[in-house]
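Chemist: Any chance you could fold what I've pasted below:
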Amino acid sequence: MSTPRRPTSSQVLEATGVLLALGTLALGVLGTLPEEPHFEVGREVFGNIPDPAVLLFYVGTGAFLWLTLHLFAQRAASWQQGGEDSRSGRWEARLRRLYEGLTMRTVVRDARAGVMHSMIYYGFVVLFLGTATLELDHLAPSSLKFLHGNFYLGYSAALDLAAIVYLGGLGLAVIGRYVVPTWRIRSKTKPQDALILTVLILIGVTGLLVEGARISLAGRPDHEVWSFLGYPISYLFAQADAGDWHRFLWTIHVVSFVAFLVALPLTKLRHLATSPANLFLSARERPKGAMRPMPNLLEAEDIESIGVSVATDLTWKQIFDTEACTVCGRCTSVCPANITGKPLDPREMVLKSGEVAASLAGVAAPVGSNAVLEGAGSLFDRIGTDEVFACTTCRACDEICPVDIEIVDRILDMRRYLTLMESDFPTELGKAFVAMENQSNPWGMSQQARADWTSELDFDVPVLGQDKDTAEYLWFVGCAGSFDDRNTAVSVALARLMHRSGIDFAILGQREMCNGDAARRSGNEFVFQQLALQNIATFEELGVKKIITQCAHCFNTLGNEYRQFGGEYEVVHHSQLLAELLAQGRIDEPRKENGEVKKIAYHDACYLGRHNDVYLAPRRVVGASGNTVVEMERHGTRSLCCGAGGARFWMEEKTGKKVNVERAEEALGTEADEIAVACPFCFVMLDDGVKELGRDDVPVRDIAMILADGL
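Modeler: Numbering: from 1, shown residues only. Model prediction:
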């Protein structure tokens, strides 16, 4: 028995449009049934409006509501062509995120834009609810009518206050877009923006003018002073002419609302509907630090293409993201590549992929575009290889997006295609690929030397499966901690700390292989899977359940991505471990020299912070023994990347300013005595940046090295 097909988004939207149209017509019919009583303090619904005009209002509103949903249904053809992406379950998280969106919490992170949007949104919502309340009272039988007396007085005042808030917000929008715009707003201002603002302003202004004309026509009764805007406006209309003005302005008000309905699906105003929907759909089972899973490439025989090259390779959610984009440019404003003059613009990445998907589906681009596309659906008709490989995968764009658009995923999926299907990647990556494939580490060092750093210790570090059969923790040292001169010092410090605390741990020694992060994030899924599957097999053979690592990239990959291949482990970053050991009193706090308290600036590693939400533990370690943790301007969820992520560590930085220099300048600007890091790649990048700026007097050290001062 075949499984019944689920209705498509287009079908659901078309059906909803028909139901809304029929419901509106039904309201029009029901509105003629109740008798309209007269209240001393109240108002007559549709007073001074001829019955044919009222009928036309309901018929026209129903027709245009259907048209709005019909146009949305046509747009659904764009995202329906995308591949599968399960976004079911996790209903509590979905509803919570939807609530945060509907209450503007995701927008107010940018105070300027947040205030403006909140004023427009809440003002509009209250005015809409006021209209709905009026219609509800209109439909109620005489005995149940409530919009009169004191309730009416409060109702009148509330709507006038909402009108002030609404129009005030629109005023701020005009100023912010046309008078004192930021670059990210000015660069994307189009004629449709003026049209949208005009329609919204017209709705608010004509609403107040209609109210004023109505009050004048009624002879300005005393109770209407509660309409503290409408009442003074009524003096613009002589009572003798107020009836004509009222009907004319009411017509303009209705027409402006109809224009709003049409603009919803045809302009970026559609984000009023698509953005909350996108927030609702954002929750997923995959951790945010994990790339999209792929089948086992070492066994698969029927895979024709890997990654994303055409619009139909994108998931439906990735295409729907382009419909939800508000074009605010917050993603671009925090992108380390864009800030330092690289070709990548995250906003353009979203808009360009949306243009291609829309062109292939035969609908207009999500935002007006002059691009001429062949209609073949190739994303690389609009997106260059240099853009794709400029990304550091720091997730700053994903983190700051007020509507939860997932930008990094699409970039990494395109890298997979370029690297594996086209061999189109920066030439310097070739050496790293060969080294990972042949020497099991991107440094190209011999596996025989992986544990050479332990010779600096005055105790033995056991090798699991060689010196001992079991250990509570496997310490996955990582390639940087094993081979990089600066980071072997971190390994030594961490080993001393763990040895002092009495933790039962062991390393893999020569059997440890690169976790594969650099291969996967540069698009070489094949090499990643080779490394990951070998590590997983070793872990399984040795019964590994718990893993410690000092590398943020190892932490993310082992904890979030190995599970895609059956590797489920409890992975602990050394910042978390050290913070816990300090709390338990199992290791000593650093000694103060001459009682001096150091100012230490801590740099948030992207793969520890934004990818895994670890922010407090490293700060607790840095702040041990009374050290003062000073924050850079960009810290926490808004921290600036060091420039090494996304395998950028293995690529040349030939364009614009170096990302690590940009970050080093910010760190030095705190006037800290020392800069602390919790990732080996951040260590190298910031240390190089500080030295390039000629500030050898400010040391850069890992948090384990700082804490080891107490030994």
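Chemist: So what's the residue count around E692?
Modeler: By the criterion of other CB atoms under 10 Å, E692 has 12 neighbours. In this view, the C-beta of every residue, glycine as well, is placed from N, C-alpha and C.
Chemist: Verify the stated contact: it with A664.
Modeler: Yes - using CB atoms under 8 Å, E692 is in contact with A664, at 7.3 Å.
Chemist: what residues go with each domain of this structure?
Modeler: 9-280, 311-420, 435-584, 599-710 (automatic domain parsing).
Chemist: And the next helix or strand past the least confident helix or strand in the chain by mean pLDDT?
Modeler: Every helix and strand in the chain was compared by mean pLDDT, DSSP states H and E; the lowest is helix 183-186, with a mean of 90. Counting by DSSP states H and E, the next helix or strand C-terminal to helix 183-186 is helix 191-217.
Chemist: just how off-centre is that following helix within its chain?
Modeler: For helix 191-217, the distance from its own C-alpha centre to the chain's C-alpha centre is 34 Å (CA atoms, centre = their mean, to the nearest Å).
Chemist: now that helix: mean pLDDT?
Modeler: The pLDDT scores in helix 191-217 average 96.
Chemist: which helices and strands does the following helix or strand past it pack with?
Modeler: Downstream of helix 191-217, the next assigned helix or strand under DSSP H and E is helix 230-233. Packing partners of helix 230-233 (3 or more CB pairs under 8 Å, 6 or more residues apart in numbering; DSSP states H and E): helix 191-217.
Chemist: give me the number of residues near E304?
Modeler: When neighbours are defined as other CB under 10 Å, E304 has 5 of them.
Chemist: Surely R695 touches L668?
Modeler: Yes - contact status for R695 versus L668: in contact at 5.7 Å, counting by CB under 8 Å.
Chemist: For these two, indicate the residue with more neighbours.
Modeler: Shown here are R695 and L668; by other CB under 10 Å, L668 has more neighbours (19 against 16).
Chemist: can you tell me which residues contact the more buried one?
Modeler: L668 makes contact with 690, 693, 695, 698, according to CB atoms under 8 Å, 6 or more residues apart in numbering.
Chemist: Nearest to D160 among those residues?
Modeler: Nearest to D160 among the contacts of L668 is L693, at 57.7 Å by CB to CB.
Chemist: and that closest one, what does it touch?
Modeler: Residues near L693 by CB under 8 Å, 6+ apart: 661, 664-665, 668.
Chemist: and what of E135?
Modeler: 27, 31, 45.
Chemist: again with P618
Modeler: P618 touches 575, 579, 602, 604, 608, 676, 678, 703, counting by CB under 8 Å, 6+ apart.
Chemist: Please identify the helix or strand for the closest residue to the third one other than its chain neighbours.
Modeler: In this case it means Y602. In space, and not counting its chain neighbours, Y602 is closest to A676: 4.6 Å by CB to CB, 6 or more residues apart in numbering. In the assignment (DSSP H and E), A676 maps to strand 674-677.
Chemist: Now for D345, how many residues are close by?
Modeler: 21.
Chemist: Now do the helices in the stretch 551-700 of the chain.
Modeler: Under the criterion DSSP state H, counting those that start in this stretch, the stretch 551-700 of the chain contains helices at 552-556, 574-584, 616-622, 659-668, 680-692.
Chemist: how about the fourth one as PDB, C-alpha atoms only?
Modeler: Read it as helix 659-668. In PDB, the C-alpha atoms belonging to helix 659-668 read as follows (Å, rounded to 0.1, in the frame of the first residue of the first chain):
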ATOM      1  CA  VAL A 659      42.500  38.800   9.600                       C
ATOM      2  CA  ASN A 660      45.000  37.900  12.400                       C
ATOM      3  CA  VAL A 661      46.500  41.400  12.300                       C
ATOM      4  CA  GLU A 662      43.000  42.900  12.600                       C
ATOM      5  CA  ARG A 663      42.300  40.800  15.600                       C
ATOM      6  CA  ALA A 664      45.800  41.400  17.100                       C
ATOM      7  CA  GLU A 665      45.300  45.200  16.900                       C
ATOM      8  CA  GLU A 666      42.000  44.800  18.800                       C
ATOM      9  CA  ALA A 667      43.600  42.700  21.500                       C
ATOM     10  CA  LEU A 668      46.500  45.100  21.900                       C
END
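Chemist: Let the chain start at 169 from now.
Modeler: I'll keep to 169 as the first residue from here, and by that count the last item is helix 827-836.
Chemist: Between helix 848-860 and that helix, find me the angle.
Modeler: In terms of direction (axes from the mean of the first three to the mean of the last three CA atoms, to 10 degrees), helix 827-836 departs from helix 848-860 by 80 degrees.
Chemist: and helix 827-836, how far from the chain's centre?
Modeler: Computed by CA atoms, centre = their mean, the chain-centroid distance of helix 827-836 equals 24 Å.
Chemist: buried set for that helix?
Modeler: For helix 827-836, burial by neighbour count (16 or more other CB atoms under 10 Å) applies to 827-832, 834-836.
Chemist: give me phi/psi at the residue of the chain most remote from its centre?
Modeler: In the chain, counting by CA atoms, centre = their mean, A408 sits farthest out from the average C-alpha position, at 56.3 Å. Phi and psi for A408, reported as degrees, to the nearest 10, are phi -70, psi -30.
Chemist: Identify, from the buried residues of helix 827-836, the entry nearest to G317.
Modeler: E834 (61.4 Å).
Chemist: where's the closest one relative to L307, distance?
Modeler: Noted for E834: a distance of 61 Å to L307, by CB to CB, to the nearest Å.
Chemist: any idea how far E467 lies from G684?
Modeler: In terms of CB to CB, E467 sits 17 Å off from G684.
Chemist: the more surrounded of those two?
Modeler: G684 (28 against 8).
Chemist: thought that one was touching M604?
Modeler: Yes - in this structure G684 lies within contact range of M604 using CB under 8 Å: 7.4 Å.
Chemist: just the helices in the stretch 419-568 of the chain please.
Modeler: Using DSSP H, counting those that start in this stretch, the helices of the stretch 419-568 of the chain run over residues 439-449, 484-492, 498-502, 504-507, 514-529, 553-556, 564-568.
Chemist: can you map out the strands along this protein?
Modeler: 641-643, 673-674, 714-717, 738-741, 767-770, 796-798, 842-845, 868-870 (DSSP state E).
Chemist: Tabulate those strands in TSV, adding columns for distance to V476 and mean pLDDT.
Modeler: Output for those, formatted as TSV (distance: least, CB to CB, whole Å; pLDDT from 0 to 100):
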stretch	distance to V476	mean pLDDT
strand 641-643	35	98
strand 673-674	41	97
strand 714-717	30	98
strand 738-741	29	98
strand 767-770	36	96
strand 796-798	41	94
strand 842-845	33	97
strand 868-870	36	97
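Chemist: Nearest to K485, out of these?
Modeler: strand 738-741 (27.3 Å).
Chemist: buried set for the closest one?
Modeler: Using 16+ other CB under 10 Å as the test for burial, strand 738-741 gives 739-741.
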